[in-house]
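Participant: Got a predicted structure here, sequence first:
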Amino acid sequence: MQHDPTTTSSAIIYLCKGSPSLISPNNTCHHNFGETLPIEMSMKIFSELDVESLCSASLTCKLWHLIITQNQQLWRRQCLLVRAICQREVDNDRRDGLSWKVTLVRNYTRSCLKRDWLRGRYSHVPSAEVLNDRKMVDLDAETWGEILQAELDR
């Protein structure tokens, strides 16, 4: 069965003022559902997101951007996950007085790369072309020592 747009009326369900309502394309809703949620509820939802999703959500609208960027607890939680891999780097940044968000931004890509190295993802790379899709970052001598030790232990 094919969809015929001339015989079907289009309607969209919007959440306005806390209750769902059916709105035709000609009508408008002046509130988005994010504006109707209490800040605490938005924070609970955002706290369940991973780093990439949190950053994407912050680009969705001005309200979400403000909520996400201003809440250090969201960034702290993510940063502590990165710290599990890059403890020395995260601790140094925090000791230097950097915010959780800045610390996370500085160390996220490094932690992904270090995690992949330590798990052996690059143990049997046949050529440099395999690494073209990976973003590489500078690693300090201690990190390279950890990676080399992991390779020797394999």
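Facilitator: Nice, thanks for sending it over.
Participant: And for residue 49, nearest residue in space, chain neighbours not counted?
Facilitator: Spatial nearest neighbour of residue 49, excluding adjacent residues (Cβ to Cβ, 6 or more residues apart in numbering): residue 57 at 6.3 Å. For every residue, glycine as well, the C-beta is placed using N, CA and C.
Participant: So that neighbour: helix, strand or coil?
Facilitator: Per DSSP: H, G, I helix; E, B strand; the rest coil, the secondary structure class of residue 57 is helix.
Participant: Which residues are in contact with it?
Facilitator: Shown in contact with residue 57 (Cβ atoms under 8 Å, 6 or more residues apart in numbering): 46, 49, 64, 68.
Participant: so which of the residues you listed would you say is closest to residue 122?
Facilitator: residue 49 (28.3 Å; Cβ to Cβ).
Participant: So that closest one lies in a strand, does it not?
Facilitator: No - with three-state DSSP as the criterion, residue 49 is located in coil rather than a strand.
Participant: and it, backbone torsions?
Facilitator: Dihedral angles of residue 49 (phi, psi; degrees, to the nearest 10) stand at phi -90, psi 150.
Participant: That one - how many residues pack around it?
Facilitator: By other Cβ atoms under 10 Å, 17 other residues sit near residue 49.
Participant: Now do it against residue 78, distance only.
Facilitator: Residue 49 sits 9 Å away from residue 78, going by Cβ to Cβ, to the nearest Å.
Participant: Can you name every helix or strand that the longest helix along the chain contacts?
Facilitator: Longest helix of the chain, by residue count under DSSP state H: helix 100-118. Where contact means 3 or more Cβ pairs under 8 Å, 6 or more residues apart in numbering; DSSP states H and E, helix 100-118 is packed against helix 72-83, helix 87-95, helix 141-153.
Participant: List the buried residues in the first one.
Facilitator: Along helix 72-83, the positions that meet the burial threshold by neighbour count (16 or more other Cβ atoms under 10 Å) are 74, 75, 76, 77, 78, 79, 82, 83.
Participant: how about a markdown table for these, with distance to residue 101 added?
Facilitator: Putting these into a markdown table (distance: Cβ to Cβ, whole Å) gives the following:
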| residue | distance to residue 101 |
| --- | --- |
| 74 | 8 |
| 75 | 4 |
| 76 | 9 |
| 77 | 11 |
| 78 | 9 |
| 79 | 8 |
| 82 | 12 |
| 83 | 14 |
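Participant: got a list of what the closest residue to residue 85 other than its chain neighbours touches?
Facilitator: Spatial nearest neighbour of residue 85, excluding adjacent residues (Cβ to Cβ, 6+ apart): residue 111 at 4.3 Å. Residues in contact with residue 111 (Cβ under 8 Å, 6+ apart) are 82, 85, 86.
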